[in-house]
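J.: Sequence and predicted structure are below.
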Amino acid sequence: MSQPAWSTSPESSQVVRCQGMVFVPGGTFRMGSDRHYPEEAPVHRVRLDGFWMDKAPVTNLQFAAFVEATGHVTFAEVAPDPEDYPGVLPHMIYPGSLVFRSPLGSVEINDWSQWWVYLRGADWRHPSGPESTIFNLMDHPVVHVSFADARAYANWAGKELPSEAEFEYAARGGLDGADYAWGDELTPGERHLANTWQGHFPHENLAEDGYERTSPVTAFPANAYGLHDLIGNVWEWTDDWYSPRHQAEAQKPCCIPQNPRGGREATSYDPAQPEIRIPRKVLKGGSHLCAPSYCRRYRPAARHPQAVDTSASHVGFRCVMRES
């Protein structure tokens, strides 16, 4: 792997790369949930080695340093290849990304096209569209990054993307089996502990937590491991292929999965779009668009499939370093 641009010697690289990271001690935990969405089941035990994790999602400032050092061009800044999208209309072939646009009034909640727009000119530098900037958002998480963009950054930094199990274990902060990263109540004492949606999604955002869209990555309290934003703010890429359910654990304690790495690429494709063969990875953590009335995925067990070629205004990432 390439060394980060700020390393001055091989001896210093390990210390430098661990700056801004938190060590998560290894252990065994119950992964998944049997109480919420079907893709989170079944609950099963997993054993993990210890690892280092970025204390917060990668910010616009950090991503800008990567782009300046490498000249990286993100997926959203390149026009799609029509051969990858059978049936696509020619006028839709342009660089862009998915941007959330709140409708003016109540809409059918099962029609996501009422609030998502594939917007020309939307990218990491222009999170809300071509006229927007990140000038006052440098401490917010970078968004509009595809899986390849996230992995390129991780490789440059001498790190990796987390597995789904690592992300969930870290998000739980030692609270094994709790619904939320801080316990079993969404807003204990009516206090908001993550950037989520309040109000009637998708047309009414009360912003009771102080933010309508993304927030600075340390705006909300860290969990017991010292990690921020593992719940809410932005969904985050993991390195695992998506599967519609977890595999049940082995019956013998000796056979609890050790450092599992998710499903297979061949089974990650979207069955609702068999003509489009774009594999999907697991997103974790939920985002500022998750609402009790629509998407209760502001929980460690929550998971979501995302095509590797897709970027959006509520998807970012963070990195890990493994000891072995």
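T.: Now that the structure is in, tell me what you want to look at.
J.: tell me the secondary structure for E166?
T.: helix (DSSP: H, G, I helix; E, B strand; the rest coil).
J.: Enumerate every residue touching it.
T.: Counting by Cβ atoms under 8 Å, 6 or more residues apart in numbering, E166 touches 24, 48, 51, 53, 238, 320. C-beta here means a position set from N, CA and C on the backbone, and glycine is covered the same way.
J.: how about 7 Å then?
T.: Going by Cβ atoms under 7 Å, 6 or more residues apart in numbering, E166 touches 48, 51, 320.
J.: Same check on Y242?
T.: Contact partners of Y242, counting by Cβ under 7 Å, 6+ apart, are 263, 268, 280-282, 305.
J.: Tabulate these (TSV), appending pLDDT and distance to H203.
T.: TSV is the format used below for these (pLDDT from 0 to 100; distance: Cβ to Cβ, whole Å):
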residue	pLDDT	distance to H203
G263	90	35
S268	96	33
R280	98	28
K281	98	30
V282	98	29
P305	97	26
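J.: which stretches of the stretch 51-200 of the chain form helices?
T.: 60-70, 147-156, 164-172 (DSSP state H, counting those that start in this stretch).
J.: Export those helices as a markdown table, with columns for distance to Q198.
T.: What follows is the helices of the stretch 51-200 of the chain, written out as a markdown table (distance: least, Cβ to Cβ, whole Å):
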| stretch | distance to Q198 |
| --- | --- |
| helix 60-70 | 25 |
| helix 147-156 | 28 |
| helix 164-172 | 21 |
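J.: Pick the most buried one from those helices.
T.: Highest mean neighbour count of these: helix 164-172, a mean of 26 (counted as mean count of other Cβ atoms under 10 Å).
J.: Using CSV, write out the CA atom coordinates for it.
T.: The C-alpha coordinates for helix 164-172 follow below in CSV (Å, rounded to 0.1, in the frame of the first residue of the first chain):
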residue,chain,number,x,y,z
GLU,A,164,-19.6,-4.9,8.3
ALA,A,165,-18.8,-6.8,11.6
GLU,A,166,-16.1,-4.3,12.6
PHE,A,167,-18.3,-1.3,11.9
GLU,A,168,-21.2,-2.8,13.9
TYR,A,169,-19.0,-3.9,16.8
ALA,A,170,-17.4,-0.4,17.0
ALA,A,171,-20.8,1.3,16.8
ARG,A,172,-22.1,-0.6,19.8
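J.: same for the helix or strand that that helix is followed by, what does it pack against?
T.: Using DSSP states H and E, the next helix or strand after helix 164-172 towards the C-terminus is strand 235-241. The contact analysis (3 or more Cβ pairs under 7 Å, 6 or more residues apart in numbering; DSSP states H and E) places strand 235-241 against helix 164-172, strand 280-284.
J.: Can you name the element that comes right after the shortest one?
T.: Heading C-terminal from strand 280-284, the first helix or strand you meet, by DSSP H and E, is strand 303-307.
J.: which regions of the stretch 1-150 of the chain lie under the pLDDT threshold?
T.: Where the stretch 1-150 of the chain drops to pLDDT under 70, the residues are 1-17, 89.
J.: Kindly recompute the last result at 50.
T.: Within the stretch 1-150 of the chain, the stretches with pLDDT under 50 are 1-16.
J.: could you pull out the strands for it?
T.: 21-24, 27-31, 44-48, 51-54, 96-100, 116-120 (DSSP state E, counting those that start in this stretch).
J.: which residues are in contact with the fourth one?
T.: Outside of strand 51-54, the residues that reach it under the criterion Cβ under 7 Å, 6+ apart are 18, 20-24, 162, 166, 170, 227, 318-323.
J.: switch the cut-off to 10 Å
T.: By Cβ atoms under 10 Å, 6 or more residues apart in numbering, the surrounding residues in contact with strand 51-54 are 14, 17-18, 20-26, 62, 154, 157, 159-160, 162-163, 166-167, 169-171, 217, 225-230, 236, 259, 317-324.
J.: same thing with the third one?
T.: Applying Cβ under 10 Å, 6+ apart, the set of residues contacting strand 44-48 from outside is 24-32, 163-166, 168-170, 176, 246-250, 253, 255-260, 322.
J.: hmm, try it at 6 Å
T.: Applying Cβ atoms under 6 Å, 6 or more residues apart in numbering, the contact partners of strand 44-48 are 26, 28, 30-31, 165, 169, 246, 248-249, 256-260.
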